[in-house]
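Undergrad: Here is a sequence with its predicted model. Questions after.
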Amino acid sequence: MLVAGHETTGSVLTWTTYLLSKDPSSLGKAQEEVDRVLQGRLPTYEDIKNLKFLARCINESMRLYPHPPVLLRRAQVDDVLPGNYKVYPGQDIMISVYNIHRSAEVWERADEFVPERFDLDSPVPNEANTDYRYIPFSGGPRKCVGDQFALLEAIVALAVLLQHMSFELIPDQTIGMTTGATIHTTNGLYMKLSQRQTVSTSAAANP
Ligand code: HEM
């Protein structure tokens, strides 16, 4: 449960801040939304549905950096997969979510961070409404049981971070990827943080 629920969400937040730090326009948009919706207070459950762009930044980050990047299945019976691939009982099958999520055959501008590719007013993208192009929480009977909770906590954590802090990537770093249960940064991810002065006066007066 520690890896399933903790490391995954932590990695999502790491890569989302990384992608935002490289895209000042999306970062500015997300910060503007957080300031407008929250008006300087902590997020409530009701606020979550209005943090639409922020949620799409997280969805898009999970497309580019899915955790885990590869899913494993063991065949129980003989089968033939699309493409005429035969599988035999006991055979392991690896499904590269990373490759599906970055395939130019499946996505336009596949390697780019484009949060708006997922319509802001449509339902949260998932395996069913993207015809299995987007499977960050897997699909079928072994799908993540914590998907809704994970998105909720990622949105809350990122909203509070953006509300209070600005961040800039320290230049000239080599940010490698090491894959395991999640995709980690190989050498860490160094940012310059500064406090934002945008907390509203009403929140400051009623802490
Ligand atoms: C952004 C965060 C998360 C991501 C990306 C994620 C991803 C996944 C994926 C892809 C699977 C399916 C693995 C497979 O098909 O082989 C999975 C399974 C699972 N996840 Fe998550 N997860 C996240 C957060 C959470 C949280 C917060 C919890 C619990 C509170 C959780 C609990 C589980 C459990 C128990 C399973 C196993 C389900 C089963 O085998 O029946 N996950 N997760």
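TA: Right, received. Where do you want to start?
Undergrad: Could you check stretch 10-21 against the ligand for contacts?
TA: Yes - applying Cβ under 6 Å from any ligand atom, one finds stretch 10-21 in contact with the ligand at residue 12. No exception for glycine: its C-beta is placed from N, CA and C like everyone else's.
Undergrad: got the buried residues for that stretch?
TA: If you call a residue buried by 16 or more other Cβ atoms under 10 Å, then stretch 10-21 has these buried ones: 11, 12, 13, 14, 15, 16, 17, 18, 19, 20, 21.
Undergrad: Who are the contact partners of the second one?
TA: Going by Cβ atoms under 8 Å, 6 or more residues apart in numbering, residue 12 touches 58, 61, 62, 65, 67, 150, 154.
Undergrad: all helices for this structure, in order.
TA: Assigned by DSSP state H, the helices in the chain fall at 2, 8-21, 24-38, 45-48, 52-64, 97-101, 147-164, 201-205.
Undergrad: what's near enough to touch residue 20?
TA: 26, 27, 30, 57, 167.
Undergrad: The first one against residue 112, yeah?
TA: Yep, that's residue 26 we're talking about. No - contact criterion Cβ atoms under 8 Å: residue 26 and residue 112 do not qualify, at 11.0 Å.
Undergrad: Show me which of these two is the more surrounded one.
TA: Regarding residue 26 and residue 112, a neighbour count based on other Cβ atoms under 10 Å identifies residue 26 as having more, with 21 against 12.
Undergrad: do you know how far the more buried one is from residue 61?
TA: Remark: distance between residue 26 and residue 61 (Cβ to Cβ, to the nearest Å) = 10 Å.
Undergrad: what sits in contact with each of the two?
TA: In contact with both residue 26 and residue 61: 19, 113, using Cβ under 8 Å, 6+ apart.
Undergrad: Can you get me a residue count around the residue of the chain found nearest the ligand?
TA: Residue nearest to the ligand within the chain: residue 146 (2.3 Å; Cβ to the nearest ligand atom). Using other Cβ under 10 Å, the number of residues around residue 146 comes to 15.
Undergrad: With residue 81 instead?
TA: 10.
Undergrad: check contacts around it.
TA: 87, 93.
Undergrad: What parts of the protein come near the ligand?
TA: 4-5, 8-9, 12, 67-68, 71, 136-138, 142, 144-146, 149-150, 154.
Undergrad: at 5 Å what do you get?
TA: 4-5, 8-9, 12, 67, 71, 137-138, 142, 144-146, 149-150 (Cβ under 5 Å from any ligand atom).
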